[in-house]
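*Asks:* Predicted structure and sequence below. I'll ask about it afterward.
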Amino acid sequence: MNQISYQLKQAWAGLCVKKGFLVTIVTTLGITLGALLCILTLAYVMILKPLPYPEQEDLYQVNSAVIDSERGRLGAAFEYPILIKLFDDQTVFSQSALVRYESGVVSSLPSQPTVKSTFVTPGWFELLDINMAMGRTFEETENKDTHNPVAILSYHSWQNDFGGDSSILEQTLTLGGTNFRIVGVVADSFIEPELNGSGVKTDIFLPWDFNAYGMNPRSREGYGNFSFDQRFIGKLDSTLSIPQVEETLTTPLNLLWRENVHTFDGFENWTIRMELQPFKETVLGDSQNTVLLLLAGVVGLILIACTNITNLFMSRTADQQRELAIQAAVGANKRHIFRTLFAQSGLVVSMSMAVALIISTVGFWILQQYLALRLPRVEELAINGVTLGAALFITLLLGFTFARISASMINYRALNSTLQSSGKGTGIQVSPTVRRWLIISQVSIVTILVFVNIGLLKDSLKIINQPIGFETDNLSALTLEINSADSLSEEETKQLLRELQNKLIALPQVEDVTRGTAPLDTGIAIIQGPEATQERSSLPTRFVDEKYFQVLGQPLLEGDSFSEADVNDQNNLMIVNDVYAESLVTHGGIEEGSVIGTTMLVASNPYTIIGIVQGVKKPTEKEVPMKAYLIAEANDTQFVIKLKPNQTLDRDLTVSIAQEVSRQFFVSKLETLNDQSDELLFTQYTTAITSAVLALLTFFLAAIGLYGILSYATQMRRFELGTRLAIGAKRFDVVRLIVKDNAISVGIGFVISIIALLGLFIGYSEALNDYINSQLIPVFFVTLALISVMVLFACYWPVRPIINSSPIRSLRNSD
Amino acid sequence: MSKIKIQMKNITKVFETEDMETHALKNVNLTISSGDYVSISGPSGCGKSTLLSLMGLLDMPSSGEYIIEGVDVANLSLDEAAEVRNSKIGFIFQSFNLIDEISVFDNVALPLRYNKEDVSASEIERRVNKCLEMVSMTHRSQHKPNQLSGGQQQRIAIARALVSEPAILLVDEATGNLDSNTGDQIMDMLDKLNQNGTTICMVTHESRYADRATTQLRLLDGEILTVPPSKQSSKAQEEAAVN
């Protein structure tokens, strides 16, 4: 123990003298290990850690896959009656729950907030073993078909929307015109499975019966409407295999569905199939790939950092040769020398790890703040046993490795001769071969990382900057919610909505208002096709009024737009975008030039195409999708508002105008299209920032590393360079010599990186298909150019003091 | 009359640190003519290596005038000084200063590679072989320096110093790292070179080697103290100004 304490004290004293060495390593290793611990913990939470629900491995989500006999699996979404039938009749799950995600305005609160409401059956609380902060969960009397209006608040909503009112139980809240009695508040510790998207959390849980489909007899009982927002969750308690369970569930449900849709236009070749998806897979989605990608990036950084630090440790050992020789002279054996080196490396790595733990905590916070909407389970991130275990293991591994590498440089027998030559010898040196390999590894790793990151950055910037067919500036999307819609007749609603539209137009900051689904909102898809042919497809369809294209600045290419009379009369007219028009000609059997005037069947009703507009797309869509536009219904509550330049429209003002027009009108959403665009592009922005930071960090670390290696190499060659200068070499000759000597190592590094990248592309060609294109070639050359410049700098800078001073200095210092 | 090769007028060299100034050379005046054989001796720290560095343009004087073959070289840029070193000065160092990674042939050829005139490969070969022949080392041309003895290495260094046919050979303790027998052989070689017309200026602390020179300078505390007239060449007697 005394020996360890002594060696640590000696190591600390030695490190205090070399503050630059200490600070460089602790900073470099602290940052990179911090990133590694952060991503390792994320990977553990997302990939290995069980979900925090009892018997989570038995939980499954049942997906209703829609299969076209010709085109294969089209996607997965439930028809409401099929979902209900599954819930009522299944026998393979011991516990089950229905879940549907919606949003609505709590009109009983003064601020009328729009909340995320989740409609569930009582099984939801049992399956997830949800604890309550107060009150109770839903009971059997609040199960499906009981129509018992009660509500449970999330802890977050209770605190934020209801001010943490301790007497909240038995109070009522009004949502969608229904008064719900609050019976419970979920505990703060409950981690909700984010089935409706990462970071999307429920504010209020309501009984299943009150969901929008359940409240509407037509959608409750009708077929032909798929919805992605409703789920079936169950705990499997069966001796049957998964395929057997799927078959058991599919047969009767598909039969029932086919019976009800066989007459529908476009459904002829479709069947449905029940698929079981493990609950964990449902929660995680495809985010594992993101984590693995992040992990690969961080491991690359660690490799660069470790290469740098290896070089620093080797240089440090070379510096220490006299001290080590004295230790050997007074009786230290090889083991003692190793312990001395291990004490130093262990101390430095431990200090770096302490910094890394702090950095990883900051990393958790950043992930929770900025990536909660993209990565599931980030709220569970914290320093845990796995983090600490990994930290301990990495500390020991790196400490030992650095000490081992340093020790391998020492020729124990030669240590004595170091003293005999009055300390002038160079018994310990980083060999040229080792230096070459350090350069090769640095160059190959940095080339791969910088190339991949520049590629990702370029890809993200391309998506961010690509035109989408219209300008989002000054446009806002407004969605109203009408409570107790039944109390207003269609004509009254129509009049009131017109009045609201006029009042909004009258605002000084507003230029115009149009009715219709905002172009960046999720619309609906409707099966349609030319009446004259059998071609049918499910196509995004927007409902708009006569001003829609003008307000959006979406040019009419051919034909006419809807007129005010068309909108008032709700005529069966259609406008298509140019992509759809072209498709109708190439695949739909319509003659060129005859698209206008074509009769289309939309859900079996005939519509006439009267115009073709230029297509628009969402920022994340690669190509402009085919799209059809129909006339908005009289009670359609979606608007697009065009503001005058540099004007804003706040929610409070909009709420007051809506309430002024009708007490039944509530603002469900008011969002600028720029915000919507930014939200859609969040992944691209995140990727762009992350890849740029990673590229810069990689570049920076590699520059430091290469500088360190070349600086050391130059110091070792100082005498030689002095001699060359003495016999007439000019400065340029010396720089050229250094560059030439390192060019082979750099070239080998480039070749290794090319082989590795080709291996990556060949091995993962399917996954990387979207990224591989001819534009990567210039990206690669840019990467090579950047790294070459960095290498040139790293070659020139250390030699600068030698070539810019009298040669005698180099000769004297070395001799 | 012999042609003047080197002329130093009032050369001073001051080394400055944060808290002190060291006058390594004080108003040194020196003239070396073609064919001279000059030795500079003196105790440790007297400034003899500094003087040789200045003469070889390895360092620049703090003040004074320095002329090589009629050209003022006291204020040359680093690259201009390199050119002069390459074409007019040959160095022989105490520790040989050969580059271990390259062959004997390439070591000797090195000054020609840095020559501003692009010397052809055949010319390089001819001149290197000629110099190796002069030092009787042709048979070792493909060896690496660290495969040779100290004496052999110094011979290679002499060949390298001669390959660019310099105006003057500057020799810094050429025998310092050699045993006396080998040292004598090296000195014999230098004597022979001088007899054949090579101008030599040599720093040594061994009087038996200093005595071989035709002109002996003694340095003490940065000043040239004595120049035994009997040993001076006729030209040196006329030109050398003793401070």
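*Replies:* Cool, the structure landed. Here the structure is a predicted model, which is why all the values come from computation and not from measurement.

*Asks:* What backbone torsions are found at the residue lying closest to A:Pro530 once chain neighbours are set aside?
*Replies:* Nearest residue to A:Pro530 in three dimensions, chain neighbours excluded: A:Gly588, at 5.1 Å (C-beta to C-beta, 6 or more residues apart in numbering or on different chains). Where you see a C-beta, it was placed from the backbone N, CA and C, and this is true even at glycine. Dihedral pair for A:Gly588: phi -100, psi 0, per degrees, to the nearest 10.

*Asks:* now A:Ser103
*Replies:* Torsion angles, degrees, to the nearest 10, at A:Ser103: phi -140, psi 150.

*Asks:* what pairs with it across the strands?
*Replies:* Here A:Ser103 sits in beta bridges with A:Lys116, going by DSSP bridges.

*Asks:* Verify the stated contact: it with A:Phe119.
*Replies:* No. Between A:Ser103 and A:Phe119 there is no contact under C-beta atoms under 8 Å: 11.4 Å.

*Asks:* so who does the residue nearest to A:Pro530 touch?
*Replies:* Counting by C-beta atoms under 8 Å, 6 or more residues apart in numbering or on different chains, A:Gly588 makes contact with A:529-530, A:533, A:535.

*Asks:* So which of the residues you listed is the closest to chain B?
*Replies:* Within these, proximity to chain B (C-beta to the nearest C-beta) peaks at A:Glu535, which comes in at 76.3 Å.

*Asks:* Just grab the bridge partners of the residue lying closest to the closest one once chain neighbours are set aside for me.
*Replies:* Excluding the flanking residues, the one nearest A:Glu535 by C-beta to C-beta, 6+ apart is A:Gly529, at 4.5 Å. Under DSSP bridges, the beta-bridge partners of A:Gly529 are A:Leu601.

*Asks:* you'd agree A:Gly529 is up against A:Val576?
*Replies:* No. Taking contacts as C-beta under 8 Å, A:Gly529 lies outside contact range of A:Val576: 11.9 Å.

*Asks:* Give the rounded mean pLDDT of stretch A:662-669.
*Replies:* When pLDDT is averaged over stretch A:662-669, the result is 88.

*Asks:* that older thread, starting from A:Leu74, give me the distance back to the residue nearest to A:Pro530.
*Replies:* Distance of A:Gly588 to A:Leu74, given as C-beta to C-beta, to the nearest Å: 19 Å.

*Asks:* Backbone torsions only: list them for B:Asp118.
*Replies:* phi -70, psi 100.

*Asks:* residue contacts, it?
*Replies:* Contacts of B:Asp118 (C-beta under 8 Å, 6+ apart): none.

*Asks:* try A:Ile505
*Replies:* A:512-513 are the contacts of A:Ile505 under C-beta under 8 Å, 6+ apart.

*Asks:* Now the stretch 351-500 of chain A against chain B: closest residue?
*Replies:* For the stretch 351-500 of chain A, C-beta to the nearest C-beta, closest residue to chain B: A:Pro432, 8.4 Å.

*Asks:* okay, now that residue: neighbour count?
*Replies:* 14 (other C-beta atoms under 10 Å in any protein chain shown).

*Asks:* okay, it: pLDDT?
*Replies:* A:Pro432 is given a pLDDT of 77.

*Asks:* Distance of it relative to A:Gly177?
*Replies:* For A:Pro432 relative to A:Gly177 (C-beta to C-beta), the value is 82 Å.

*Asks:* ok, and the helix or strand in the chain with the lowest average confidence?
*Replies:* As the question left the chain open, I've gone with chain A. helix A:412-420 (a mean of 61; mean pLDDT, DSSP states H and E).

*Asks:* Packing partners of the helix or strand just after it?
*Replies:* Tracing the chain past helix A:412-420, the next element assigned as helix or strand by DSSP states H and E is helix A:432-465. Where contact means 3 or more C-beta pairs under 8 Å, 6 or more residues apart in numbering or on different chains; DSSP states H and E, helix A:432-465 is packed against helix A:287-319, helix A:682-716, helix A:731-763, helix A:776-803.

*Asks:* Show the contacting residues for the closest residue to A:Leu792 other than its chain neighbours.
*Replies:* Nearest non-adjacent residue to A:Leu792, counting by C-beta to C-beta, 6+ apart: A:Val739, 6.5 Å away. A:Val739 sits next to A:791-792, A:795-796 when contact means C-beta under 8 Å, 6+ apart.

*Asks:* Output those residues as TSV; include the columns distance to A:Pro52 and pLDDT.
*Replies:* Listed next are these as TSV, based on distance: C-beta to C-beta, whole Å; pLDDT from 0 to 100:
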residue	distance to A:Pro52	pLDDT
A:Val791	50	88
A:Leu792	54	90
A:Cys795	55	88
A:Tyr796	56	90
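
*Asks:* Can you pick out the most distant pair from those residues?
*Replies:* Spatial extent of the contacts of A:Val739 (C-beta to C-beta) is set by the pair A:Val791 and A:Tyr796 at 9.6 Å.

*Asks:* So out of everything in chain B, what residue is nearest chain A?
*Replies:* Closest point on chain B to chain A, by C-beta to the nearest C-beta, is B:Asn86, at 2.3 Å.

*Asks:* and the residue nearest to that residue when sequence neighbours are not counted, what are its phi and psi?
*Replies:* Once flanking residues are discounted, B:Asn86 sits nearest to A:Gly728: 2.3 Å by C-beta to C-beta, 6+ apart. In terms of degrees, to the nearest 10, the main-chain angles of A:Gly728 are phi 120, psi 0.

*Asks:* dump the residue contacts of A:Gly728.
*Replies:* B:82-83, B:85-87, B:111, B:114-115, B:164.

*Asks:* Which of the residues you listed scores worst on pLDDT?
*Replies:* Scoring those by pLDDT puts B:Asn115 last, at 84.

*Asks:* Is that residue in a helix, a strand, or coil?
*Replies:* coil (DSSP: H, G, I helix; E, B strand; the rest coil).

*Asks:* for it, what are its contacts?
*Replies:* A:728, B:86-87, B:164.

*Asks:* can you do 10 Å?
*Replies:* By C-beta atoms under 10 Å, 6 or more residues apart in numbering or on different chains, B:Asn115 lies in contact with A:728, B:83, B:86-87, B:123-124, B:163-164.

*Asks:* now A:Asp161
*Replies:* A:Asp161 touches A:106, A:109, A:111, A:113, A:115, A:153-154, A:173, A:203-204, counting by C-beta under 10 Å, 6+ apart.

*Asks:* got it, and A:Asn311?
*Replies:* A:405, A:430, A:434-435, A:438-439, A:442, A:704-713.

*Asks:* Any stretches of the chain with poor pLDDT?
*Replies:* Went with chain A since none was named. A:1-2, A:413-430, A:484-486, A:813-815 (pLDDT under 70).

*Asks:* Chain B was what I was after
*Replies:* Short version for chain B, where the test is pLDDT under 70: B:1-2, B:226-243.

*Asks:* Leaving out chain neighbours, which residue sits closest to the most centrally placed residue in chain B?
*Replies:* Central residue of chain B (C-alpha atoms, centre = their mean): B:Leu170, 0.5 Å from the mean position. Leaving aside its chain neighbours, B:Leu170 sits nearest to B:Gly56 (4.7 Å; criterion: C-beta to C-beta, 6+ apart).
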